[in-house]
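In: no letters, just coordinates:
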């Protein structure tokens, strides 16, 4: 039997021409190729337009393949080159090149158009940071840093000391990441902050903003190499602790400013006060005050107790003649710190250890030289005074 074969054929639909931007996004100063993809066959002429529609005023350039002739239009800037395949090269692009492009192709079948809706040439400029505070106290309040940019279609990134900021439970970003809040502030938050803005084409960092975090000063205290120096023998060094950065130190003696004297010397940072060859006049209350931009503190008084003496003692009363049967009362006094110990001798013979000597009903045998001997156990010094007494009548 004869067999008949019926074949149905459906012609394929050709792909539509498209325009691709290479690269997709480009920064100002670079080159962009508007690449024609899937062009139709038998093209008589290619015509490029700036914009979403074809119009003579926005015609850039045209190319006739058979004649190999280029013809520039009103929108031609001298930076455009059309290739034999219809693609368009734009060199050294500027922001004015961003936008839509239309390619019109004339074929045997009529006009065919392809469009590129947009390519980006927006190169971001340097942003800036605004801070609610640039100097803050640790654990007191919060700080908000806001990144300002002239661009809209951008993303934000924050940096601390040149590195990407690590977020913690104390750091919060706004919805678009353009604002950074730190609450509460800690001393280790001090340093340089930058914000970076970027789009697919470029990125730019702000100038660093320095955040200073001040710690509330602790109560200072004084340490001395000696609290009981000996007059004219020892020197005393008083040091104010603790040592803190950016702190001013001030010393007071008996609630007064330091007197003008060569025997007082301050270190370069005023933390250490040295009293050379102390005297009894240096005895008193010493205080250290600290101050920074946040607060001030005052130490407890440090009592400097200068040991001295005994000075040469004096014996009273001044008269030296007594009648028999009188009472002899002699008092010895010597300035000393701590108080001196007293003892009496008559003609070199020990009588008693007391400050006041009392002998009732004296006789001629009590005449002689009375010596007051004073001794300071702390300084180790001794002094004596002799008074001659005559009993006659």
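Out: Received it, and whenever you're ready, just let me know what you need. If you're wondering where the values come from, they're calculated on a predicted model, not measured in any experiment. Numbering: from 1, shown residues only.

In: touching, residue 290 and residue 246? I think so.
Out: No. In this structure residue 290 lies outside contact range of residue 246 using Cβ atoms under 8 Å: 10.7 Å. To be clear about C-beta, it is placed using only N, CA and C from the backbone, and glycine gets the same treatment.

In: which of those two has more neighbours?
Out: Between residue 290 and residue 246, counting by other Cβ atoms under 10 Å, residue 290 is the more crowded of the two (24 against 10).

In: in this structure residue 283 contacts residue 302, no?
Out: No. Look at residue 283 against residue 302 with Cβ under 8 Å: they stay out of range, at 11.8 Å.

In: strand partners of the strand or helix carrying residue 113, parallel vs antiparallel please.
Out: Using DSSP states H and E, residue 113 falls within strand 110-116. Strand pairing for strand 110-116, using DSSP bridges, gives strand 101-107 (antiparallel).

In: quick one: distance of the partner strand to the chain centre.
Out: Distance of strand 101-107 from the chain centroid (Cα atoms, centre = their mean, to the nearest Å) equals 63 Å.

In: swap in stretch 288-296?
Out: 16 Å.

In: now do stretch 355-373
Out: In terms of Cα atoms, centre = their mean, the centre of stretch 355-373 is found 76 Å from the chain centre.

In: start at 15 instead
Out: Sure, I'll start counting at 15 from here, so that last one is stretch 369-387.

In: and for it, what's in contact with it?
Out: Applying Cβ atoms under 8 Å, 6 or more residues apart in numbering, the contact partners of stretch 369-387 are 327, 329, 336, 338-348, 356-362, 365, 396-406.

In: quick one: low-confidence residue ranges for the stretch 115-264 of the chain.
Out: Across the stretch 115-264 of the chain, the ranges flagged by pLDDT under 70 are 132-136.

In: break this protein into its domains for me.
Out: 32-130, 142-228, 235-318, 328-405 (automatic domain parsing).

In: so what does residue 295 look like in phi/psi?
Out: phi -70, psi -10 (degrees, to the nearest 10).

In: measure it to residue 228 for me?
Out: Using Cβ to Cβ, to the nearest Å, residue 295 is found at 39 Å from residue 228.

In: of the two, who's got more company?
Out: residue 228 (21 against 12).

In: partner residues bridging the more buried one?
Out: With DSSP bridges as the rule, residue 228 is bridged to residue 151.

In: ok, it to residue 207 distance?
Out: Taken as Cβ to Cβ, the spacing of residue 228 relative to residue 207 amounts to 17 Å.

In: same check, this time on residue 254
Out: Applying Cβ to Cβ to residue 254 and residue 207 gives a distance of 34 Å.

In: ok, the two, which is more surrounded?
Out: Applying other Cβ under 10 Å to residue 254 and residue 207 shows that residue 254 carries more neighbours, namely 26 against 22.

In: what's near enough to touch that one?
Out: Contacts of residue 254 (Cβ under 8 Å, 6+ apart): 234-236, 263, 265, 285-287, 302, 304, 313.

In: of those residues, closest to residue 172?
Out: Nearest to residue 172 among the contacts of residue 254: residue 304, at 34.5 Å, using Cβ to Cβ.

In: and that closest one, which helix or strand is it part of?
Out: Counting by DSSP H and E, residue 304 is found in strand 298-305.

In: direction included, what does that strand pair against?
Out: Here, using DSSP bridges, strand 298-305 pairs with strand 262-267 (antiparallel), strand 310-312 (antiparallel), strand 316-318 (antiparallel).

In: could you pull up the mean pLDDT of the top strand by length along the chain?
Out: The longest strand of the chain (DSSP state E) is strand 396-405. For strand 396-405, mean pLDDT is 97.

In: give me the buried positions along it.
Out: Across strand 396-405, burial judged by 16 or more other Cβ atoms under 10 Å covers 397-399, 401, 403, 405.

In: show residues contacting stretch 205-222.
Out: Contacts for stretch 205-222 (Cβ under 8 Å, 6+ apart): 38-41, 134-143, 159, 161, 163, 165, 167-176, 179, 192, 194, 223-225.

In: try it again at 6 Å.
Out: 39, 41, 134, 137-138, 140-143, 159, 161, 163, 168-175, 223-224 (Cβ atoms under 6 Å, 6 or more residues apart in numbering).

In: next one: it to chain centre, how far?
Out: How far stretch 205-222 lies from its chain's middle: 22 Å, per Cα atoms, centre = their mean.

In: span of it from start to end?
Out: Stretch 205-222 has an end-to-end distance of 9 Å (Cα to Cα, to the nearest Å).

In: repeat for stretch 360-380
Out: 8 Å.

In: all strands for the stretch 15-164 of the chain, in order.
Out: 32-36, 46-51, 57-64, 73-78, 83-86, 94-96, 102-104, 115-121, 124-130, 142-145, 149-151, 157-162 (DSSP state E, counting those that start in this stretch).

In: let me have the ones you listed in JSON lines, extended by distance to residue 309 and mean neighbour count.
Out: Output for those, formatted as JSON lines (distance: least, Cβ to Cβ, whole Å; neighbours: other Cβ atoms under 10 Å):
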{"stretch": "strand 32-36", "distance to residue 309": "61", "mean neighbour count": "16"}
{"stretch": "strand 46-51", "distance to residue 309": "60", "mean neighbour count": "18"}
{"stretch": "strand 57-64", "distance to residue 309": "65", "mean neighbour count": "21"}
{"stretch": "strand 73-78", "distance to residue 309": "69", "mean neighbour count": "20"}
{"stretch": "strand 83-86", "distance to residue 309": "74", "mean neighbour count": "13"}
{"stretch": "strand 94-96", "distance to residue 309": "68", "mean neighbour count": "19"}
{"stretch": "strand 102-104", "distance to residue 309": "63", "mean neighbour count": "20"}
{"stretch": "strand 115-121", "distance to residue 309": "65", "mean neighbour count": "20"}
{"stretch": "strand 124-130", "distance to residue 309": "64", "mean neighbour count": "15"}
{"stretch": "strand 142-145", "distance to residue 309": "22", "mean neighbour count": "15"}
{"stretch": "strand 149-151", "distance to residue 309": "8", "mean neighbour count": "18"}
{"stretch": "strand 157-162", "distance to residue 309": "19", "mean neighbour count": "18"}
